[in-house]
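A.B. asks: Need a 3D model of the sequence below.
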Amino acid sequence: MAIPHSDPALRTGIGAACVHDPALVGGVAVALMLGTYGLFGVPVDLPLVVAGFCGTTLTYLFDRVWADPPEDRVNRPARVAWVRAHPRWLAAEAGLLFALGGAMGLYLAPTTLVWVGALGMVAGLHVVRQGQGGLGGMPKPVVLAGAWAVGGALLPLVDAGRPLGLEALLFCGYRGGFILPNLLLADWADRKGDAAAGLTPWAVGWTARQVRWTATASLLLAAAAAGGWGALGAPLLLVVLDAVGLLLMAGVVWGLEPTQPRTLLLADLVVAWPLVPAVVAWMSL
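C.D. replies: Sure thing, here's the model as predicted:
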């Protein structure tokens with residue numbers, strides 16, 4: 001996520017750190033996990049939540065910072081400048097995240113560790129294949145949306161010992177369809193820098209209209225999955241409140257310009273919406 005050069009207040013200081021530091025993305029992962037805990041009424045496993053934050057932040061730290069992708073010099077010049085100005089901070093952050101995440105692993109059940117390891121492998125392959133698209137022939141946004149959905153929706157249930165039946169699978173599909181538009185917008189917004197760096201991802205040949213309609217189709221499929229999940233016994237109020245996130249994402253897709261950095265930042269914040277129904281669920285206990 002980049003900030004326009006005309007906004008110096010957000011290119012330095014706390015504002016820039018909040019936007020450019022990958023910890024923001026780790027916070028979104030925490031919101032998704034807490035949403036699952038609240039909606040399914042299972043106790044929060046703090047070590048897993050902390051490990052999820054550390055793992056997600058580290059993945060994006062390596063992807064955006066240490067890999068130093070050349071396309072970011074066109075797509076995210078403000079972020080590149082901020083990263084180059086804060087090497088010690090980012091190195092200390094990476095060390096702390098490694099230590100804290102590793103310590104949390106000692107408190108996780110073996111089954112949970114297997115799932116965490118699988119997600120870590122996907123994340124590692126994504127970083128290694130920087131700029132080469134998705135995995136297994138699937139576009140990068142689809143792969144990442146699937147990984148986010150599994151980590152945010154299924155992993156807390158696995159850790160809690162809940163069976164992964166139809167309800168859990170519909171919920172995971174719902175989350176994936178909700179997250180995918182964010183990744184589509186971000187990839188499409190980066191197409192010019194990707195092309196300048198000699199990359200040819202799917203987004204280079206798409207128009208804004210194609211991206212918006214594809215994102216809308218994803219949201220409609222997510223709504224259908226949410227309806228199926230709710231029909232299996234999830235509290236109606238929480239289902240409806242959680243589904244407001246689909247409307248918010250649709251507003252981002254159709255109401256804002258995808259190439260504007262603030263659109264991508266807002267899309268990231270919308271993905272954190274599940275925290276709201278989780279708080280409502282906990283308040284009603």
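
A.B. asks: Where does pLDDT dip in the stretch 101-250 of the chain?
C.D. replies: Low-confidence segments of the stretch 101-250 of the chain (pLDDT under 70): 127-138, 198-201.

A.B. asks: ranges for the helices of it?
C.D. replies: Applying DSSP state H, counting those that start in this stretch to the stretch 101-250 of the chain gives helices spanning 110-128, 140-149, 155-159, 166-189, 191-196, 208-231, 236-255.

A.B. asks: Figure out which of the ones you listed is closest to A78.
C.D. replies: Checking those against A78 by C-beta to C-beta gives helix 191-196 as the closest, at 12.9 Å. From N, CA and C alone the C-beta is placed, and that goes for glycine too.

A.B. asks: surely L238 meets V279?
C.D. replies: No - using C-beta atoms under 8 Å, L238 makes no contact with V279, being 10.8 Å away.

A.B. asks: Identify the contacts common to these two.
C.D. replies: Listed as contacting both L238 and V279 by C-beta atoms under 8 Å, 6 or more residues apart in numbering are G38.

A.B. asks: out of these two, which sits in the busier spot?
C.D. replies: Neighbours per residue (other C-beta atoms under 10 Å) separate L238 from V279, with L238 holding more: 20 against 13.

A.B. asks: List the backbone torsions phi and psi for P43.
C.D. replies: Dihedral pair for P43: phi -60, psi 140, per degrees, to the nearest 10.

A.B. asks: swap that for A17, please
C.D. replies: phi -60, psi -40.

A.B. asks: Might you report the residue contacts of it?
C.D. replies: A17 neighbours (C-beta under 8 Å, 6+ apart): 82, 86.

A.B. asks: Okay, G35 and D242: tell me how far apart.
C.D. replies: Using C-beta to C-beta, to the nearest Å, G35 is found at 7 Å from D242.

A.B. asks: now do Y60
C.D. replies: From Y60 to D242 the distance is 25 Å (C-beta to C-beta).

A.B. asks: Neighbour count: these two, which is higher?
C.D. replies: Set Y60 next to D242 and count neighbours by other C-beta under 10 Å: D242 wins out with 28 against 20.

A.B. asks: thought that one was touching L275?
C.D. replies: No - with contacts counted by C-beta under 8 Å, D242 stays clear of L275, the gap being 10.2 Å.

A.B. asks: any shared contact partners between the two?
C.D. replies: G35.

A.B. asks: thinking again about what came up before, for G35 and D242, list the residues in contact with both.
C.D. replies: Joint contacts of G35 and D242 (C-beta under 8 Å, 6+ apart) are 273-274, 277.
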